[in-house]
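# Curious how this folds, go ahead:
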Amino acid sequence: QVQLVESGGGLVQAGGSLRLSCAASGRTFSDYNMGWFRQAPGKEREFVSHITWNGRSTYYVDSVKGRFTIARDNAKNTVYLQMNSLKPEDTAVYYCAATPVVASTNPLLYNSWGQGAQVTVSS
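Numbers count the residues shown, from 1 in each chain. Sure, this is the predicted structure:
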């Protein structure tokens, strides 16, 4: 498994932006497709976005399309989530995850998870 550490969370007003980073170590980063998930209080963990190992293919949940952008830098072993036009309903703990199999919206296919980064959007 690969070890993952998120950073970049915080408090922002509605309409603002944040960029989350997820640094990987321990394994060859480019062997993994990467995903971002989030979990709001009292809710189940929700898929946000994923990116293939080479960065050529990305996918987003409908609620963030046009506002969030996922990217990766394999030379830096890091995946990013740029979040623009943030809304209060984006408030959640955001997790990055790695999967050695197909990039997916299913969290069960991911075998490595970060500790999470809190994102709070005030209205």
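# how about R67, phi and psi?
With angles defined as degrees, to the nearest 10, R67 sits at phi -120, psi -40.
# And for D62?
Main-chain dihedrals, D62, degrees, to the nearest 10: phi -60, psi -40.
# Just the element for the most centrally placed residue in the chain, please.
By Cα atoms, centre = their mean, the chain has its centre lying nearest to W36, at 2.5 Å. Assigned by DSSP states H and E, W36 belongs to strand 33-39.
# How about residues contacting that strand?
20, 22, 45-53, 70, 72, 79, 81, 90, 92-105, 107, 110, 116, 119 (Cβ atoms under 8 Å, 6 or more residues apart in numbering). Placement of C-beta: from N, CA and C, glycine included.
# which among those residues end up buried?
Neighbour counting with 16 or more other Cβ atoms under 10 Å marks 20, 22, 47-51, 53, 70, 72, 79, 81, 90, 92-99, 103-104, 107, 110, 116, 119 as buried within the contacts of strand 33-39.
# quick one on the thing from earlier: just the C-alpha atoms of the strand holding W36, please, in PDB.
This file holds the C-alpha atoms of strand 33-39, laid out as PDB (Å, rounded to 0.1, in the frame of the first residue of the first chain):
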ATOM      1  CA  ASN A  33      -5.200   5.600  -9.900                       C
ATOM      2  CA  MET A  34      -6.200   8.300  -7.400                       C
ATOM      3  CA  GLY A  35      -9.500   9.500  -6.000                       C
ATOM      4  CA  TRP A  36     -10.900  12.100  -3.800                       C
ATOM      5  CA  PHE A  37     -13.900  11.400  -1.500                       C
ATOM      6  CA  ARG A  38     -15.600  13.500   1.200                       C
ATOM      7  CA  GLN A  39     -17.700  12.900   4.200                       C
END
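# Next, the buried residues of it.
Judged by neighbour count (16+ other Cβ under 10 Å), strand 33-39 contains these buried residues: N33, M34, G35, W36, F37, R38.
# what's the distance between the last one and T28?
With the distance defined as Cβ to Cβ, to the nearest Å, R38 ends up 26 Å from T28.
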